[in-house]
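Colleague: Requesting a structural model of the entry that follows:
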Amino acid sequence: MKHLIRFILALWIGVASAAAAEANYPDKPITMVVSFPAGGGADAAGRLLARHLERKLGQPVVVVNRPGAGGEIGFAAIARAKPDGYTIGVVTAPNVVVLPIQRAAQYKLADLQPIANLVEDVGVFFVRKDHRFQTIKDLVAEAKSKPDSINLATTGNGGLPHFALLSLQKNAGVKLMPVPYSGTVPIRQAVLAGDVDVGFITIADAASDLDGGLVRSLGQAAEHRSPTAVQMPTLREQGVDVVISALRGVAAPARTPAPVVRVLAEAMEAIVRSPEFQKEAAAQKLPLRYMGPQDFRSELERLDRDYRALWRVSPWEN
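Modeller: This is a model prediction of the structure:
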């Protein structure tokens, strides 16, 4: 009986301590994992959020870049962290969804607790300013006459550039040669150096090069022109039906307590709604689209169903 009483007492103390910790959350620094190199769109969104989150929660938010394997290394680090709210991370779709579909990844989508989506960023095909391609039609015409002669920088299987490549090939009836890089910054560098003909990244990632006149857009992959690039024609306007965008949000490990998720989600919603954050996001060409925990989860699960269906019919490969 004494042992039972001690067990019950220890259990009660543990539950009470956990409840007290949740009630006081956060009371120490938070680590934010970014699964891509510094300087890219995911990194920019994460660091912008971290600055505002520090002020909102009253604790430091330390950004740690864990790039590699198309985002898998960072996503796995988030999933494996202690589910207490002190490790969160930037997740991007389609990457976070498709990696466990196409290979035995180090995490599953169910290992993550969505907190909030912040950005939906449209992609853009681009070339160096002195490249022979002036429009997407130039690229398509040459690709049809010389299959596999044009190379396009991607982030490997499962990334946004990879699916943009597949969509372009399917809808334009062409064949290009993919060249994988570790992230959007290396893609930009490869295009600027002339190592590849064409790159595909998000408008936010390409903004500084586009604004500086270093590269030329061949068209944005949007249904309608993005508010951050109204002067840039869509691919559809030019007769190429490619529409693809990237979600950038925040997740925690699965089993993170609901009260902690609620604190984080409410803080992030207030931040995204604030005029100051919106102004800074616009300056960085980050188009905002807030989704709370349930809506973000539903969107990721929908993408998961769609990509699994696609994989069963036609597994993608470079």
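Colleague: So what pairs up with the residue positioned nearest the centre of the chain in the strands?
Modeller: When C-alpha atoms, centre = their mean is applied to the chain, the residue found nearest the centroid is residue 92 (2.2 Å). Taking DSSP bridges as the rule, residue 92 bridges to residue 248.
Colleague: Just to check, it is in contact with residue 34?
Modeller: No - in this structure residue 92 lies outside contact range of residue 34 using C-beta atoms under 8 Å: 9.7 Å. From N, CA and C alone the C-beta is placed, and that goes for glycine too.
Colleague: list the residues that contact both of the two?
Modeller: Both residue 92 and residue 34 are in contact with residue 42, where contact means C-beta atoms under 8 Å, 6 or more residues apart in numbering.
Colleague: Once you drop chain neighbours, what's closest to residue 119?
Modeller: residue 248 (4.1 Å; C-beta to C-beta, 6 or more residues apart in numbering).
Colleague: Same check on residue 194?
Modeller: In space, and not counting its chain neighbours, residue 194 is closest to residue 128: 6.2 Å by C-beta to C-beta, 6+ apart.
Colleague: mind checking how far that neighbour is from residue 296?
Modeller: To residue 296, residue 128 is 36 Å away according to C-beta to C-beta, to the nearest Å.
Colleague: ditto for residue 259
Modeller: 18 Å.
Colleague: And these two? Which one has more around it.
Modeller: Using other C-beta atoms under 10 Å, the more surrounded residue of residue 259 and residue 296 is residue 296, with 24 against 14.
Colleague: Chain neighbours aside, what residue packs nearest to that one?
Modeller: Among residues not flanking residue 296 along the chain, residue 114 sits closest, at 4.0 Å (C-beta to C-beta, 6+ apart).
Colleague: And what about the one you found, helix, strand or coil?
Modeller: The assignment at residue 114 comes out as strand when based on DSSP: H, G, I helix; E, B strand; the rest coil.
Colleague: which residues in the stretch 51-200 of the chain form strands?
Modeller: For the stretch 51-200 of the chain, the strands defined by DSSP state E, counting those that start in this stretch occupy 61-65, 87-93, 112-128, 151-154, 177-180, 198-202.
Colleague: from these, which stretch is densest packed?
Modeller: strand 198-202 (a mean of 29; mean count of other C-beta atoms under 10 Å).
Colleague: Which elements pack onto that strand?
Modeller: strand 112-128, strand 151-154, helix 160-172, helix 184-193 (3 or more C-beta pairs under 8 Å, 6 or more residues apart in numbering; DSSP states H and E).
Colleague: which residues does residue 242 contact?
Modeller: Residues in contact with residue 242 (C-beta under 8 Å, 6+ apart) are 164, 167-168, 171, 221, 235-236.
Colleague: Now tabulate these in a markdown table and tack on distance to residue 289.
Modeller: Formatted as a markdown table, the contacts of residue 242 follow (distance: C-beta to C-beta, whole Å):
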| residue | distance to residue 289 |
| --- | --- |
| 164 | 19 |
| 167 | 21 |
| 168 | 24 |
| 171 | 25 |
| 221 | 16 |
| 235 | 20 |
| 236 | 20 |
